[in-house]
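Novice: Mind folding the following:
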Amino acid sequence: MKRKKEYVDMFQFLDENEDGEIPIQKLEKIMILMGNFRTYKQKEELHKMLRAMDEDGSRTIDFVEFRNFMARQMTETASKPELLDAFRIFDTDTSGQLSADQLTQICTNFGEVGENEDLE
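Specialist: Below you'll find the predicted structure:
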């Protein structure tokens with residue numbers, strides 16, 4: 001139950017216009033800024049992942065698609081304690097949240113400089 005609330009909160013954060021959908025292009029930009037998708041091969045893997053996430057082929061992600069994808073990712077990747085430890089490294093003010101400024105700083109530190117509006 002708690003995990004579903006986390007997915008809802010995350011989805012609502014990304015769904016800025018509150019239309020119940022997140023455009024694939026927006027997710028792609030966020031994931032490139034936050035992840036290791038620098039080479040052509042890595043970007044191809046990202047595109048493949050996004051296509052799999054978009055179950056109905058609409059080029060947008062609704063909550064059900066988002067929840068299904070996140071549930072698969074959580075079971076396939078790091079455990080919750082590992083994720084929390086990683087998050088705490090970046091949550092320098094211990095607020096439990098990362099602001100756009102903090103994300104900008106993180107991306108800059110990792111050599112990923114993007115538009116501030118992409119992070120917001």
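Novice: tell me the contacts of residue 26?
Specialist: residue 14 (C-beta atoms under 8 Å, 6 or more residues apart in numbering). Just so you know, the C-beta spots here come from the backbone N, C-alpha and C atoms, and that holds for glycine as well.
Novice: Which of the helices or strands spans it?
Specialist: Per DSSP states H and E, residue 26 falls inside helix 24-34.
Novice: following that helix, which helix or strand shows up next?
Specialist: Moving toward the C-terminus from helix 24-34, the next element (DSSP H and E) is helix 40-53.
Novice: returning to that earlier point: quick check: angle from the helix holding residue 26 to helix 40-53?
Specialist: 140 degrees (axes from the mean of the first three to the mean of the last three C-alpha atoms, to 10 degrees).
Novice: Stretch 24-43: which residues count as buried?
Specialist: Across stretch 24-43, burial judged by 16 or more other C-beta atoms under 10 Å covers 24, 26, 27, 28, 29, 30, 32, 33, 37.
Novice: pLDDT score for the first one?
Specialist: Predicted confidence (pLDDT) at residue 24: the value is 91.
Novice: which residues of this protein fall in helices?
Specialist: 2-14, 24-34, 40-53, 63-76, 80-90, 100-109, 116-119 (DSSP state H).
Novice: ranking the ones you listed by burial, who's on top?
Specialist: Among those, helix 24-34 has the highest mean neighbour count (mean count of other C-beta atoms under 10 Å), at a mean of 16.
Novice: and that one, how far out from the chain's middle?
Specialist: Mean C-alpha position of helix 24-34 versus that of the full chain (C-alpha atoms, centre = their mean, to the nearest Å) differs by 7 Å.
Novice: All good on my end, thank you.
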